[in-house]
Every structure is written in structure tokens, then in C-alpha cells.
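okay, structure incoming, though there's no sequence with it:
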């Protein structure tokens, strides 16, 4: 303040910026907008990288272990969803403090990653029903 300056520290990247007090009214809103844009872009990229389309249950389980959101063909039956949840649970005795919850359906995306075709099968092993749509599954952490 002695030199009519102040130091702003960005919490998103820990960058220290020395700024003039005279520009405070315009500089701070612009800086906040930059921070928000940067954080949003980073979050969007991370989410995009973690959304995977799978058609095999082994890939489904691998995706869950990698903390991904999974879009998979699904018949829509509640019994199948309950069995998917059971089959995808982790053994908490093997990995202490690891989330042991199974996968749950999160939504049916408006924009489907692919068209369901006659050769597609529900992601639940052994299900004989034709999938109706791709459903997004995930595990709570």
C-alpha cells in the first residue's frame, strides 16, 4: 500500500500478482473472471477425460477403478441395476479406506454416445434383455 500497490495471490495456481491500487476497480473483476474461466476449462477437460463409453463388464469395472463416469448400454430394469451395483462393489477388507460402493445409474444422457443396435447387450453380465439406451453409471466417493 506504501507504493500504491497490492499483491493478489491466485488460489487456483498460486501466482502472485503485484497490481496498482489505481486499477483496483477494473483489475480485480477481470482477474476473477480469468480465474473462473481457467478453473471451468480445467474442470471440463477433466470431466471429458473421465467419461468413457464401455460395452464389456470388464471394461466397466476397470473404468470404475479409474474413477470414471461410464456410459454403457442398459436395459433399464431395476433388478439389473441392483445386480450391477452388487457386482461392482469392492471388497473393503482388501482395500481399507477405499470406497466399496457399487456403481449406480446416474442418468440417461440426452445425447447418446451411440445408437443402440441389435447386437448390443445390456452391460450386466447374463442379462438377456435388449438395451434400450446408454446410461451413465458412476460410483460415489
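Structure's in. What do you need? Just so it is clear, the structure is predicted and the values come from calculations on it, not from any experiment.

the longest helix in this protein is where?
In the chain, taking DSSP state H as the definition, the longest helix is helix 24-50.

next secondary structure after that helix?
strand 51-53 (DSSP states H and E).

mind listing what's buried along that following strand?
Neighbour counts using 16 or more other C-beta atoms under 10 Å place residue 52 of strand 51-53 among the buried residues. To be clear about C-beta, it is placed using only N, CA and C from the backbone, and glycine gets the same treatment.

list the neighbouring strands of that strand plus their orientation.
Sheet neighbours of strand 51-53, with direction, are listed as strand 69-74 (parallel) (DSSP bridges).

how distant is the strand it pairs with from the center of its chain?
13 Å (C-alpha atoms, centre = their mean, to the nearest Å).

mind listing residues that contact the helix or strand harbouring residue 79?
Using DSSP H and E, residue 79 sits in helix 78-87. By C-beta atoms under 8 Å, 6 or more residues apart in numbering, the list of residues contacting helix 78-87 from outside reads 57, 74, 101-105, 122-125, 127, 129, 137.

between those residues, which is closest to residue 34?
Lowest distance from residue 34 to the contacts of helix 78-87 (C-beta to C-beta) belongs to residue 137, with 35.3 Å.

I'd say the closest one and residue 73 touch.
No: with contacts counted by C-beta atoms under 8 Å, residue 137 stays clear of residue 73, the gap being 11.0 Å.

shared neighbours of those two, anything?
Between them, residue 137 and residue 73 share the contacting residues residue 123, judged by C-beta under 8 Å, 6+ apart.

where does the prediction get shaky in the chain?
Across the chain, the ranges flagged by pLDDT under 70 are 1, 91-100.

give me the residue at the spatial middle of it.
Geometric centre of the chain, nearest residue: residue 47, 4.6 Å, by C-alpha atoms, centre = their mean.

separation between that residue and residue 59?
Between residue 47 and residue 59 the computed distance is 19 Å (C-beta to C-beta, to the nearest Å).
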